[in-house]
Structures are given as C-alpha cells and as structure tokens.
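Participant: I'd like to go over a predicted model; first the sequence, then the structure.
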Amino acid sequence: MLPVELLLDGITFGLILSLLGVGITLIFGLGEVLNLAHGEFVVICTILALMFIGRGVDVTLSIVLSLVIIGLIGIAFERLLLFPVYREKGEVRVLMGIFMTYGLSLAIHSYLVNTFPKVHFSVRVPYTEIVIGGLSIRPSTLLAAAIAALALIALGVFLKKTYIGKAIRTVAQNEVGAQLCGVNPASLRTLIFALGAVMAGLAGILYGLIATVTATLGLDFTTFAIVVAIAGGVRSVYGAIVSGIILGIVHAFSSFFLGASLSLVIFLIAVILIVLARPEGVLGEKG
Amino acid sequence: MSNEVLSVKNVYASYGDFLVLKNVSLEVREGEIVLILGANGAGKTTLLKTISGLLRPVKGQIYFLNRRIDGLSPHEIVKMGISYVPAERALFPLMSVMENLEMGAYIARARKEKEERLQFIFQLFPVLKERRDQLAGTLSGGEQQMLAIARALMASPKLLMLDEPSFGLAPKLLPKLFKAIKQINLEGTAVLMVEQNVRQTLNIADRAYVLENGSIVLEGPCDKIRDDPLIKRAYLGI
Amino acid sequence: MRKVSIAQKLLIFVVIFTIYAVLPLPLSNPYYLRVLNLLVLFTLFTISSNIIFGHTRQLFLCHGALIGIGAYTSVLLPKSLAIPPWIVIPLGALFSACIGSSISTISSLRRLSIILMAVFTLSFQIIFGEVIVGLREITGGDEGLILRQDLVQLPSTVNRELFYYYVFVFLLFVSIIVYNRIVNSHIGVAFKCIVEDEIAASSVGINVIKYKVLSAFIGSFILGLAGGVYAYYNLYISPSLFNLDLYILVMLVFGGMGTLAGPLLGAGIFTLVFEFLRPMGPITTLIFGLLLIVLFLYFREGLVAWLRGLPTLYRAGGRPSVE
C-alpha cells in the first residue's frame, strides 16, 4: 500500500474520529459531563439502521431515520438521566457525570452484546476501486471522508454564524453571562447532546463504509472519542477536529506496520503522553 | 402601587446553609434610580442575585410589573425585562465586543431593535464602537465594565440592575460612568444599583436603602438620608 | 462527632473479627464458602479503593489492573526465577504499589483534573488488558493461565476453601488495622484536609502530593497483595477477570466512602447481590450499571451515613429544617 493511500485512509478514519471527538467536546464544554456512553450511541444507531433495512426500507432512508431516532434517544437520555447530574456543581458534577455515564455505558454495552451478538453493520458502495494517477482509491473511503468533512464544516458554520450556535459558545465560556442574556442553558445542553448523539451515529454509519460495526465496539468507540477530545483540549471543537485527523493518520500507519491491537496500545500511550505533556490539549483551552 | 416596577416583599435568602437576607423589602418605581448601600458581606450582591433569578429566595415574594418572578429561571426574568450586570461582569472573553453585544440582544424582543440599540450604545460608550472587533477578554477594566452594561442594555430592559459598576475603575472614569447611568435612566430604564462609592452615587440616585447584616436598616430619598450616621457606617463599613 | 473511647473501639474490633471468624463455620457447601471468599476479597478491594478514592479523591479507574498486576506477577515470577510464591506475592504487591503510586505521582505533579485522571487510569486499565493479551506466550493471553502449583500443599483433610478463607480474613484484619491506624493518625487528618480543600490544605503546609502518593501506595499494595493470593486461590487467571472497577466503585459508594464500616458493608451486601444475580448471566452488568446510577442519584452518602442519620430521624421526628 502506498503511503499516500495510507494517508487517505488515515484522514478518512481521522475525520470519523473527529465526528466522535467533537461530540464529547461539546457535551463536556457545556455541561461538564464526560459522556462515557458515547460509543454506545454509535452502535445503537447502526443497529437501528439495520433494523429498518431488514424491514425492507430503502438504505438511505433507513440511515436518515436511524440518525433522527438516535438524536431523539440522545434527548431522552439527557433529560431523564442527566438532570440529577446538572443539579450539582463543580467537581461533584464531573464525578457524578462520570459515574452515571460509566454505569450506563456498561449497562447498555452488556445489553447490546447480548441481544445483538451477530450484528454486523457495513455499507457497500457499487464501485470497489477507482484508479487516479497510479493511486488505488476506494470510493467508499472517499464518500465517508466527504460526508464527514461536510458534517464538520456544517457544524463549524452552525457554531460560528447562527444565533443558537453563538449561544452554545457563550454557555461554554460563561454560563452565568449566557443566562443573563436570556439564554436557557438547559435546553441548549439537550440540543448539544442530541447533536453529539447524531454525530456519533453518523460516525458509525460512515465507519460502516470503511469497516464493520459490531455490537462489541461500543467501548472502543467511546475510548477513541474521549481520546480525541482530550488530545484536542477537552473544550476546543477545532482542537477535537485537528487531533482527530492527526490521530487517524497515526492509527492508519501504526495499524499497517504494527498490527491492530498493538496500534490501540500505541494510540492510548500517545494520548497518555499528550495528557501528561500538555493537559490543556494539543491546541490549548479554547471556547 | 401602580407605578412600581419592582417590588421585593419580605424576602429571605441563603447562600448554602447561611441565611444572608432577612426579611428584606424594597421597591423601585418607574423612572427611578435606587441605590443599595452597605458594608461588605451585608448581602447586597445576594439581593441582586435573588432578584435576577440566580438564587431562589427561601421565603418571600418578588414582583416585577405586577407579575411574580421569584422562583423563575434567570433567562425567563431577562425576557420579562430585567437585565443584571453582576460584579464579575460575566462577559464572553473569547468573543468580540460586537458578538458580546449581539448576544445581549439574544431574546426575541431585542433582536428586532438590535440596530437601534447599537446606535444608542455606541453614542453612550464610543470606545466600544472603536473596539468592536476586539476580543472582550483583552479589554481594560473600564472598557469591560462599559461592555457589560452595554450588553445588558441591548435587551431594552425596563429595569437595569448594576452590582458595583465602579469597582476596579480608575477614579477619573467614574463621573463619566455615572453620567452614562443617569442618561440610561433618563431614557426610560429604572436602575437598581449596588454601590460602595456612596458620595458620588447619592448625587445621581433618587432613593437609597442601607443593608446591614442582611436587613434593611435605613431607607429614604437620597437628599434626606445623606447625612444620616448609618450612611457613614455603610460607607466606612464600621 | 461522637467520641469513641479506646475500650469501645477495641470492643468493636473484637466483634468484627469474631463475626468474620465464625461466619464460615456453619457452612459446609463449598459453593457458599466460595461466595464468602469472594466477599472477603471484594472487601479488601473496596478498602483499598476507600483509601485511594474515599480519602484522597483520586479517581482510579484501574483497580482491576492493579489487582491483575499483583496476580500475574506472583504467578509469572516463580516460573522464571525459582522463588517460592510466599515471597513473590509480597513482591507482586510491591510492584502494584509502585505502579499505583507512580500513577498518583504523575497525576498530582501534572495537576490532572478528575476527568483527565479518569481517562488516564481508564487508559491504563485498557492497556493492561491489551498487554496481557498481546504477550500471550508469557501470559497465556485471552485464555489465561492455569496454575499447577498451589501456595501450600494442604493435607487432604483440610478444606481448601476454608483455608483460603482464613488467609483472606487474615489479610482483611491486617488491612483494617492498618486503615484504622492511618485514619486516626496525622495522616488521617491530612487526608481529611485534602478531601475538604486541597489548596487550603497545601497552604497550611500539608504536602498534598506526598499524602496522595502514600494513599495510592498503600491502597495499591493491598490490591496487589489480594490479587496475588487470589491467583493461587483460584488457580486460574485471565485478563477478563480483572474488569472489576465498576463493582468496586458501587460497593464503595453504597457502603460509604471515608468510613471503616462502609467497605465492609458495601462489599458484603453487594457480593451477595452479585451472586444472587449471577444466574441471570450477562444481564448482571446491566443491572450493576443501573444500580450505580440509582445509587448515585439517591444514596450518594452511602449506607453508613444513612444508618447514622436514623437515630436523628427517630428522635426529632423528622429532618431539621431552616428556620
């Protein structure tokens, strides 16, 4: 495999990682909750898509429906389960958030692995390969990268230009100030959670384009998501995007040369090193 | 009764387990500037926070334009027409002056009037217009104070609450600040202000309350109570 | 705080020790004895977690790895070097203690927030699992290691489960005594200050890092020790046995952090709950996950605090309220 092809694979995987990491960053930035159950949303969404496809619904429609539903599930999750977390402040809130989402992730994970042990989600695209100038590229990889990039750009525009997007940024920077401007932080937190869930779901769908999603992968996806978010400086959306791409490239190369499980270890070690070297993250704390 | 904008009745409020406000009652009438004076720790900030919704009173009622507001969330109270500028200002440091001001006009009612309000604010605080694209975190203390007040004004509030607006400002800026507050008031906004700077503010305000250990110990029109010994106590904190 | 006199304390200890000592005697069924053994084991784990998290707020999500390190060390070391297990188990515990205190040192020096510490230790736990699986020629990988040599060659008349029970209970007693001595010494005072407010603590001259690392050392030592003995008790170890953090945390929170009785009660009750749920299979994790949530919602202070609050409820006829 040519290095450029590896690079493209890495960027694609990296963009998917960014989708995951950005969700964690936003949820943490607004509510100080580290969502350890994030990866389970990925799996749930793909399972939903499979259920629709299994009932004969058109593939694209299934995907759209599953994304909508995962968003709704995210809202339910946030409203029902996280409100006691938000009642607390500061360190207790962070702790509670960790414990709540930790417990939930293990509960959901064991349920999924049990109920859907044989589930595999992967999407096939008509053409297997196109050759451009000596490089062999899979259209599925290109498609995944393109959709992920579009989603991230749309998110960026949303946060920068729209009133709600700006309101979200204000809650992250100064919640009291935001409230005094008439912003309702609680409803924005729900919105962000839903958005995070949808992006996680999208990440799962796109991952199905380049590999396969199984029910056991929930914990892996959560690990990746958190790692990317933390490397990006747990409050910075741009940091999460950049670190996602970088870590994706690192993963592609280390997987190829060292094998998948060793590369997971390297991934984790790399992140530990980043956490220790710069607790503020690769790009530093930002709004 | 009918021209009362804000009416606080027998309010008790606590900070954690500690009861800070004890049976506090006050009013702000239309077009007034009302002062709250008192030593540090008397409960002045707690009072404003309770009115703004950031704290919930343990007992008592608060009425704004004849509607009960105690127990509402801060953002709902903003929508009703009270804007609060806390002592710590609560600006958005990574956003520009312009973006901060735009956020001040977040509520639906204010978005329509955004342009007009911006005009008014730039006339009031010209330095904000100069620095409109600068990040709020990089402004000087005085400029931040002006931005905080300006942002609160973007919502066209009927009542503006200020917590120690003069705090940390260079003394030569104070007359300008208080003149601006007077101008805001003349334009139709009632003002409820907590201040340590007793002398200068007594000149521009209509009435004042003195808070001591969580209770009102003196109230009245400014020119009448100016020489009361309790004022001196509040001023010197003895 | 009620002052407990030395005589009262001694009495409490004697009672606790007696209870544990006589617990297994009426039981003859080896299954029940095994459950008791797990109970004592988890109590040890929870006491460690109490020291590390309950007393110095260091969120370790890698208790399992520290236990596993003790277990694997005490199994693998005698294989390569001809050292009897008796000596290796404390060495394994020492190794765990070194790793635990390193984690604590690094986290404290870098001033990692709770989130970063959670991620750091969680990563460590995952890495531990991956490393064991990866080094499968040495560690047996996913399938684990079966031990051929027991700790002690027991005569056939002695009930093995019972023997190990008393070994574990011995470790438990030692841990309880150590815990009690620490908590009632200047170290315990330092711990209290650190939990209240780290910055205030350091400003009155308490070397926060030293005490945090000390608590991590002691807690990890106990974890490693228990892990080492467990390996010989179970005669089988594998990486999947060491994903225990969820259960330990539940037991600690439910029992009551920062108390002596907390881990005893929490681990005691929840080991039984766990055994009761076991026939339901993998749903157990689901239920424990949900339990953790419910506990944190309604029972965060723990059983001990709830029990302490009962007399007040009884006496005053209700909770005291703000005037």
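Facilitator: The structure has been received and is ready for your questions. Residues are numbered from 1 along each chain as shown, chains lettered A, B, ... in the order given.

Participant: who in chain B is up against chain A?
Facilitator: Contacts of chain B with chain A, taken as C-beta under 8 Å from any C-beta of the partner chain, map to B:52-54, B:73-75, B:78-79, B:83-86, B:89-95, B:99, B:102-104, B:106-107, B:110-111, B:151-152, B:155. Placement of C-beta: from N, CA and C, glycine included.

Participant: those, buried ones only, as a ChimeraX selection?
Facilitator: Of the residues of chain B next to chain A, the buried ones go into a single ChimeraX selection, burial set by 16 or more other C-beta atoms under 10 Å in any protein chain shown:
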select /B:52,53,54,74,75,78,79,83,84,85,86,89,90,91,92,93,94,95,99,102,103,104,106,107,110,151,152,155
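
Participant: out of the residues of chain B next to chain A, which are inside helices?
Facilitator: Among the residues of chain B next to chain A, the members falling in helices (DSSP state H) are B:52, B:74-75, B:78-79, B:99, B:102-104, B:110-111, B:151-152.

Participant: can you name the two of these that are farthest apart?
Facilitator: B:Ser52 and B:Glu99 (22.3 Å; C-beta to C-beta).

Participant: look up how far C:Val208 lies from the residue in chain B that chain C sits nearest to.
Facilitator: Chain C sits closest to B:Val58 of chain B, with a gap of 6.3 Å, by C-beta to the nearest C-beta. Relative to C:Val208, B:Val58 is positioned 36 Å away (criterion: C-beta to C-beta, to the nearest Å).

Participant: contacting residues for A:Ala240?
Facilitator: By C-beta atoms under 8 Å, 6 or more residues apart in numbering or on different chains, A:Ala240 lies in contact with A:18, A:21-22, A:24-25, A:228-229, A:232.

Participant: now swap in B:Thr50 and tell me
Facilitator: B:11, B:13, B:21, B:56-57, B:62, B:70.

Participant: okay, it: pLDDT?
Facilitator: What the model reports for B:Thr50 is a pLDDT of 94.

Participant: repeat that for the one 3 residues further on.
Facilitator: According to the predicted model, the pLDDT of B:Gly53 comes to 92.

Participant: that one against B:Ser73, yeah?
Facilitator: Yes - counting by C-beta atoms under 8 Å, B:Gly53 touches B:Ser73, with 5.6 Å between them.

Participant: which residues are in contact with each of those two?
Facilitator: Counting by C-beta under 8 Å, 6+ apart, the residues touching both B:Gly53 and B:Ser73 are A:Gln179.

Participant: off-centre distance for stretch C:187-195?
Facilitator: 20 Å (C-alpha atoms, centre = their mean, to the nearest Å).

Participant: send me that stretch as PDB with only the CA atoms.
Facilitator: C-alpha atoms of stretch C:187-195 as PDB (Å, rounded to 0.1, in the frame of the first residue of the first chain):
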ATOM      1  CA  ILE C 187      -2.000  11.100  58.000                       C
ATOM      2  CA  GLY C 188      -5.800  10.700  58.500                       C
ATOM      3  CA  VAL C 189      -6.000  14.400  59.400                       C
ATOM      4  CA  ALA C 190      -4.100  15.300  56.300                       C
ATOM      5  CA  PHE C 191      -6.400  13.200  54.300                       C
ATOM      6  CA  LYS C 192      -9.500  15.000  55.700                       C
ATOM      7  CA  CYS C 193      -8.000  18.300  54.800                       C
ATOM      8  CA  ILE C 194      -7.100  17.200  51.300                       C
ATOM      9  CA  VAL C 195     -10.700  16.000  50.700                       C
END
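
Participant: hey, where'd the strands end up in chain B?
Facilitator: According to DSSP state E, chain B carries its strands in the segments B:4-15, B:18-29, B:33-37, B:59-64, B:67-68, B:82-85, B:159-163, B:190-194, B:207-212, B:215-221.

Participant: give me the nearest residue to residue 33, chain neighbours excluded.
Facilitator: Answering for chain A, as no chain was given. By the measure of C-beta to C-beta, 6 or more residues apart in numbering or on different chains, the closest residue to A:Val33 outside its immediate chain neighbours is A:Gly97, 3.6 Å from it.

Participant: not quite, I wanted chain C
Facilitator: The shortest distance from C:Leu33 to any non-neighbouring residue, by C-beta to C-beta, 6+ apart, is to C:Glu161 (3.8 Å).

Participant: ok, now which ones touch that neighbour?
Facilitator: Shown in contact with C:Glu161 (C-beta under 8 Å, 6+ apart): C:30, C:33-34, C:37.

Participant: would you mind measuring from B:Leu101 to C:Gly255?
Facilitator: Using C-beta to C-beta, B:Leu101 is found at 53 Å from C:Gly255.

Participant: identify all contacting residues around stretch C:34-42.
Facilitator: C:20, C:23-24, C:27, C:161, C:164-165, C:168-169, C:172, C:226, C:230, C:233, C:247-248, C:251, C:267-268, C:270-272, C:275.

Participant: same question for the longest helix along chain A, mean pLDDT?
Facilitator: For chain A, the helix with the greatest residue count under DSSP H is helix A:3-31. For helix A:3-31, mean pLDDT is 91.

Participant: distance from that helix to the middle of the chain?
Facilitator: Remark: helix A:3-31 is offset 7 Å from the chain centroid, using C-alpha atoms, centre = their mean.

Participant: now stretch B:22-40
Facilitator: That offset, for stretch B:22-40, works out to 10 Å (C-alpha atoms, centre = their mean).

Participant: residue 181: neighbouring residues, count only.
Facilitator: In the absence of a named chain, this looks at chain A. Neighbourhood size, A:Cys181 [other C-beta atoms under 10 Å in any protein chain shown]: 29.

Participant: actually it's chain B I care about, not the one you picked
Facilitator: Neighbours around B:Ile181, by other C-beta under 10 Å: 23.

Participant: one more: the one 4 residues further on?
Facilitator: Neighbourhood size, B:Asn185 [other C-beta under 10 Å]: 19.

Participant: before we move on, what about the one 5 residues further on?
Facilitator: With neighbours defined by other C-beta under 10 Å, the count for B:Ala190 comes to 24.

Participant: go ahead and confirm it touches B:Met161.
Facilitator: No - with contact defined as C-beta under 8 Å, B:Ala190 does not reach B:Met161; the gap is 9.5 Å.

Participant: tell me how far C:Gly219 lies from C:Thr46.
Facilitator: In terms of C-beta to C-beta, C:Gly219 sits 10 Å off from C:Thr46.

Participant: close to chain B, is the host helix or strand of A:Ala178?
Facilitator: Per DSSP states H and E, A:Ala178 falls inside helix A:175-180. Yes - contact of helix A:175-180 with chain B (C-beta under 8 Å from any C-beta) involves A:176-180.

Participant: turn the residues you listed into TSV, columns for pLDDT.
Facilitator: Converted to TSV, the residues of helix A:175-180 next to chain B look like this (pLDDT from 0 to 100):
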residue	pLDDT
A:Val176	91
A:Gly177	92
A:Ala178	93
A:Gln179	93
A:Leu180	93
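
Participant: top of the contacts of B:Thr50 by neighbour count?
Facilitator: Neighbour counts for these (other C-beta under 10 Å) peak at B:Leu21, which has 28 neighbours.

Participant: leaving out sequence neighbours, find the closest residue to that residue.
Facilitator: Counting by C-beta to C-beta, 6+ apart, B:Ala13 is the residue found nearest to B:Leu21 once chain neighbours are left out, at 4.1 Å.

Participant: cool, thanks, talk later.
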